[in-house]
Structures are given as structure tokens and as C-alpha cells.
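Peer 1: Kindly generate the corresponding structure for this input.
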Amino acid sequence: MNTDTPSQRPAPLPSSNPDRAADEAPYAALVAGTPVRDADREIGGVQAHVRVYGDPAAPHRLVFLHGFRGDHHGLELIVAHLLRQRPDLQVVVPDLPGFGASAPLGEGRHDVAGYAAWTAELLAAVAPEGDAVLAGHSFGSIVASATLAGDDAPRVRGLVLVNPIATAALEGPRRALSAVTVGVHRLAAALPEAVGTGLLRHPMFTRVASVAMVTTDDRVLRRWIHAEHDRYFSGFADRRTLLEAFHASVGTDVAGYAPAVDVPTLLIASENDDVAPLASQRVLEQMFPRARLAVVPRVGHLAHYEAPDVVADRTAEFLATLEAAPR
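Peer 2: Purely as a prediction, here's the structure:
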């Protein structure tokens, strides 16, 4: 099944300002004015929810993978800023299998290998000529890197990793907190399914995770980010999907795939990211055959919410260098 229909957005909210309501989206007018359509299709046996932003006739494509427990909503601010600069671009943002409105994987596990194989099929479906750039944020950075690692990797023009996971969470600076989180997930796995799923979806669990990641001093922006997590953080299909993806997210990293990724690569790191610290990003840069690092100042792991304009600027600059290079 392949549908490609315009999406109906809610009425635009007022633009960002110091007096905006607590749950009002920043850059709301910009996002509301961004062309978008649903292009749901079957990918790898999964009925996938796919959002395509930009002019349908635009000649260039970027495929963008969201992070753990997210969906396409988390990337909309980056996409809106990017398309303002690059109207010749289409940005394809799927909900990964088992999250958002996409069905879970019918067979296999929701781990890095499973998601990478699925992403390769997505690329074959939306960019069969190999002319797309692949991007990923956080856990999506691991999946994107794994997709492009090795001799049988799908052909793309480049790779963009936003807040890439340079060191596995169980080995990074937050390993104590990560160990506690692992314990909660093990408890959820041991409980009866309905109770365990309820624990994983509990609003308090979501709020603790959100507070741990937010770094902005803007109180209204903080409240909006928490509201976004409240809306979408529990949008997973079932307990099995969530637990499989969680263990993949804390037990793997981009470094394990970097040496085998032989395409131009941009790493967009945040200065104050204690989930993926800047020092580890500098090490990661050297592990890729063809990578460079850009740093977003004064923000943490949620650069897609706290500095989407800067992320979009760095991405647009990278796309321009790819287009200027001989093929």
C-alpha cells in the first residue's frame, strides 16, 4: 500500500515570543507553513507512517531518522528551518517501526540490525537512485551509521548525525543513571504485560527522562519540551518493541560502525550534551574515514528542540558542499 496525500494541520499557533502559552510550539508559524504530506507505504513488510516535507517536485532528498521513543514530530523544527533555506529539498521522515504510527517489525528484533535492514529498504523505496542524504538524531544516529556500514550498504550521497551516540550509555558519563533506567526496564519486563507496559508509559517516568535531558534556561521552552515528551514519548506499539529498542539504544553506539562508513559525514554535536559529550564526539570524528564535526553552542542533547535553526544551518552548509563536489 502506498498513499501520498496532503496532511491536515491544526490551526497555526502564534509565533514564538516571551509571553507564549506553556504548551505553545516555538516557531509555530514556520512549521505550520511548511508543505507536508503523508506518504504511508509498506516497507520491509511494515505498514510505515512516512511524512514528506517540502515541494513534491524538489530534486534533492534527505531521509531523517528520529531518536528513541520519538517519532516524526521531534524533527519538525529542524525540517522547517532547513526547508526555509533549501526549498529545492524534500525531507522524508518515517516513524520507525513500532513507534509513532508505524507498525512493529513483523519478524526479527527491534534492534540496531533490524532497524538498519529496514532503513536500507526505506532508502531503496524513496531514493532508488542513491541520490539521498541519510540523517539520524540520537538513537537514529546509530541506526543510520549501521545502515551505511559495510560493503553491501545502500548508496547515498552523505550522512548527517545530530547528537550522535559516540559512547554506549552503559559506558558513558551517565552510566549510573543508565543502570537505574535499565533496572526500571527489567522490572517492566518481569511484571505482567499490562502492568509493565503501564510502568513504561507512566507520565512520571516520561517527566524524569525529559527533565534529565533539557538544558535550556527558557522556562516556556522547557515546559513546551516536557509537553512534547508527554504527547509522544509513550507512542510505542507494545512492551516488546520498547524493550528491544531500549536495550539496543543503551548497549550500542556509532563508534562501532564509524570506520566502515565511507561517505562524507557531518557530526553535529552539542557543547553541553552529557548524553553524548563533546570530548567523545571529537574522538568519534577521527574514526570516520570522511567526517567533520560542527558544534552547537550552549545546548545539550535536545538540540532538535533547543537549537533547531543552528542544526538546520549546519546541515544546509553540508548539503551545499556535497552538491559542489564532483560526483
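Peer 1: In a strand, residue 166, correct?
Peer 2: No. Going by DSSP: H, G, I helix; E, B strand; the rest coil, the assignment for residue 166 is coil, not a strand.
Peer 1: Can you get me a residue count around it?
Peer 2: Neighbourhood size, residue 166 [other CB atoms under 10 Å]: 27. Where C-beta positions appear, they are placed from N, C-alpha and C, glycine not excepted.
Peer 1: got it, and residue 79?
Peer 2: 26.
Peer 1: you'd agree it is up against residue 64?
Peer 2: Yes. If you go by CB atoms under 8 Å, residue 79 and residue 64 touch, sitting 7.0 Å apart.
Peer 1: Check the contact lists of those two and give me the overlap.
Peer 2: 91, 93 (CB atoms under 8 Å, 6 or more residues apart in numbering).
Peer 1: how much space between the residue positioned nearest the centre of the chain and residue 140?
Peer 2: Geometric centre of the chain, nearest residue: residue 66, 2.0 Å, by CA atoms, centre = their mean. Going from residue 66 to residue 140 by CB to CB, to the nearest Å gives 5 Å.
Peer 1: Find the residues that touch each one of those two.
Peer 2: residue 96.
Peer 1: Please report the distance of residue 87 from residue 137.
Peer 2: 23 Å.
Peer 1: between these two, who's got more neighbours?
Peer 2: residue 137 (28 against 10).
Peer 1: quick one, what contacts that one?
Peer 2: 64, 65, 66, 67, 70, 74, 75, 161, 162, 163, 304.
Peer 1: 6 Å instead, please
Peer 2: Applying CB atoms under 6 Å, 6 or more residues apart in numbering, we find residue 137 in contact with 67, 162, 163, 304.
Peer 1: Please name the nearest non-neighbouring residue to the first one.
Peer 2: What that stands for is residue 67. Once flanking residues are discounted, residue 67 sits nearest to residue 138: 3.3 Å by CB to CB, 6 or more residues apart in numbering.
Peer 1: Count the residues that sit near the one you found.
Peer 2: Neighbourhood size, residue 138 [other CB under 10 Å]: 28.
Peer 1: before we move on, what about residue 294?
Peer 2: Neighbours of residue 294 (other CB under 10 Å): 18.
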